[in-house]
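Q: predicted coordinates and the sequence they were generated for:
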Amino acid sequence: MSDHEPDDSDTEFIDIDISGSYGWVLYYIDMVENFILVLAQSELMSYHEPDDSDT
């Protein structure tokens, strides 16, 4: 039974990978969006700091 558990999980993972191709795209977009958000926030804060000091 213990030997059948990982086998079933493996099959499910493959099934999700094939059937959930769009899910991978959404996951990638979410990762890129989060990275851009953090980058933009960091750049905005870094850009706003000298701008505020210059004013």
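A: Cool, got the structure.
Q: please count neighbours and contacts with C-alpha atoms only from this point.
A: Fine.
Q: average pLDDT for stretch 44-55?
A: Regarding stretch 44-55, the rounded mean pLDDT is 63.
Q: from now on call the first residue 16
A: I'll keep to 16 as the first residue from here, and by that count the last item is stretch 59-70.
Q: and residue 52, how far from residue 36?
A: Distance from residue 52 to residue 36, counting by C-alpha to C-alpha, to the nearest Å: 24 Å.
Q: and residue 60, by the same measure?
A: For residue 60, the distance to residue 36 - C-alpha to C-alpha - is 36 Å.
Q: residue 55: neighbouring residues, count only.
A: 13 (other C-alpha atoms under 10 Å).
Q: and the pLDDT at residue 44?
A: 88.
Q: what does residue 56 give?
A: For residue 56, pLDDT reads 87.
Q: burial count for it?
A: 12.
Q: same question, residue 39
A: 13.
Q: and it, what element?
A: helix 36-69 (DSSP states H and E).
Q: what comes up buried for that helix?
A: Buried residues in helix 36-69, defined by neighbour count with 16 or more other C-alpha atoms under 10 Å: none.
Q: show me what that helix is packed up against.
A: Taking 3 or more C-alpha pairs under 8 Å, 6 or more residues apart in numbering; DSSP states H and E as contact, there are no helices or strands that helix 36-69 lies on.
Q: let's see it at 10 Å
A: Of the remaining helices and strands, those touching helix 36-69 by 3 or more C-alpha pairs under 10 Å, 6 or more residues apart in numbering; DSSP states H and E are helix 19-34.
Q: so for the helix it packs on, mean pLDDT?
A: 53.
Q: put the alpha carbons of stretch 39-48 into PDB.
A: Taking Å, rounded to 0.1, in the frame of the first residue of the first chain, the C-alpha atoms of stretch 39-48 are listed here in PDB:
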ATOM      1  CA  TRP A  39       2.000  26.600 -15.100                       C
ATOM      2  CA  VAL A  40       1.600  29.700 -17.200                       C
ATOM      3  CA  LEU A  41      -0.400  31.400 -14.500                       C
ATOM      4  CA  TYR A  42       2.200  30.300 -12.000                       C
ATOM      5  CA  TYR A  43       5.000  31.800 -14.100                       C
ATOM      6  CA  ILE A  44       3.000  35.000 -14.700                       C
ATOM      7  CA  ASP A  45       2.400  35.300 -11.000                       C
ATOM      8  CA  MET A  46       6.100  34.900 -10.200                       C
ATOM      9  CA  VAL A  47       7.100  37.400 -12.900                       C
ATOM     10  CA  GLU A  48       4.400  39.800 -11.700                       C
END
